[in-house]
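Trainee: Model the structure of this input:
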Amino acid sequence: MKFIGITGGIGAGKSTVLSLLKENFNCKVLLADEVAAQLMTPGHQCFDEVVALPWPTSILDEKGQIDRPLMAKYMYASDSLREGVNKIVHPAVEKEVLNQVETEKKQHNIEYFFFEAALLIECGYGKLVDEMWYIFASPQAREKRLMESRGYTKERIQNTFKVQRGDESFREHCDRVIDNSGSKEETLKQLRAILKASY
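Mentor: The predicted structure is shown next:
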């Protein structure tokens, strides 16, 4: 079983690529955001530690769950809170992902385990995965998608692009580049060629 990390900038169409992988290959797909959300529910150590950070007000809603938009607002306004959350959540997510990878390896049911995270490189996953894939799309394609799917303005898109890792840096850290600027069929063709060649 191959453990493959998937990353790329906003609007590159990572979710499209993950859907194509799920539909066409014998694999499991895991998203960092979903693992983090699960770990930040009551009953997990991660939840207790995040709630205990020095927030300006309680970040719990009336049901005792973390109010994610409120937490994001506070994190966005404070470097120390953002760092505090990351120090708790990132190692917990990594541990959970590696547990799931080990379980799948023992069961021998799948050929590929894909793990998607925007900060895959920053969090050091290059040392843990067998291969790192960069989902690329041209700035024009990304801009069009973000305006259509999320209603972003051109200004917001440009500001977001500026703070994210650049194309050269992604290419430098990743083993393969999937060009997702075109149609789904074109992307699937690339995926088939890569996965066929890797076995």
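Trainee: mind giving me the domain split of the protein?
Mentor: If you go by automatic domain parsing, the domain ranges for the chain are 1-26+111-199, 33-93.
Trainee: closest to Asn99 out of those domains?
Mentor: In terms of C-beta to C-beta, the element of those nearest to Asn99 is domain 33-93, at 10.3 Å. All C-beta atoms are positioned from the backbone trio N, CA, C, and that covers glycine.
Trainee: deepest of the domains of the chain, which one?
Mentor: domain 1-26+111-199 (a mean of 16; mean count of other C-beta atoms under 10 Å).
Trainee: distance between it and the chain's centre?
Mentor: Relative to its chain's centre, domain 1-26+111-199 lies at 9 Å (C-alpha atoms, centre = their mean, to the nearest Å).
Trainee: Quick check: mean pLDDT of it?
Mentor: The pLDDT scores in domain 1-26+111-199 average 93.
Trainee: On the pLDDT front, check Asp61 for me.
Mentor: Per-residue confidence at Asp61 stands at 96 (pLDDT).
Trainee: isn't it right next to Met71, touching?
Mentor: No: look at Asp61 against Met71 with C-beta atoms under 8 Å: they stay out of range, at 10.4 Å.
Trainee: got a list of what Leu188 touches?
Mentor: 20, 24 (C-beta atoms under 8 Å, 6 or more residues apart in numbering).
Trainee: secondary structure class for it?
Mentor: At Leu188, secondary structure determined by DSSP: H, G, I helix; E, B strand; the rest coil is helix.
Trainee: And the helices in this protein?
Mentor: Using DSSP state H, the helices found in the chain span residues 14-24, 32-39, 45-51, 68-77, 79-107, 139-149, 154-163, 167-173, 184-197.
Trainee: Now render those as CSV, adding distance to Trp133.
Mentor: As requested, the helices of the chain are arranged in CSV below (distance: least, C-beta to C-beta, whole Å):
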stretch, distance to Trp133
helix 14-24, 8
helix 32-39, 14
helix 45-51, 27
helix 68-77, 27
helix 79-107, 16
helix 139-149, 17
helix 154-163, 20
helix 167-173, 10
helix 184-197, 8
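Trainee: how near is the residue most central in space within the chain to Gln107?
Mentor: Of all residues in the chain, the one closest to the mean position by C-alpha atoms, centre = their mean is Ala117, 1.8 Å from it. Separation of Ala117 from Gln107 (C-beta to C-beta, to the nearest Å): 23 Å.
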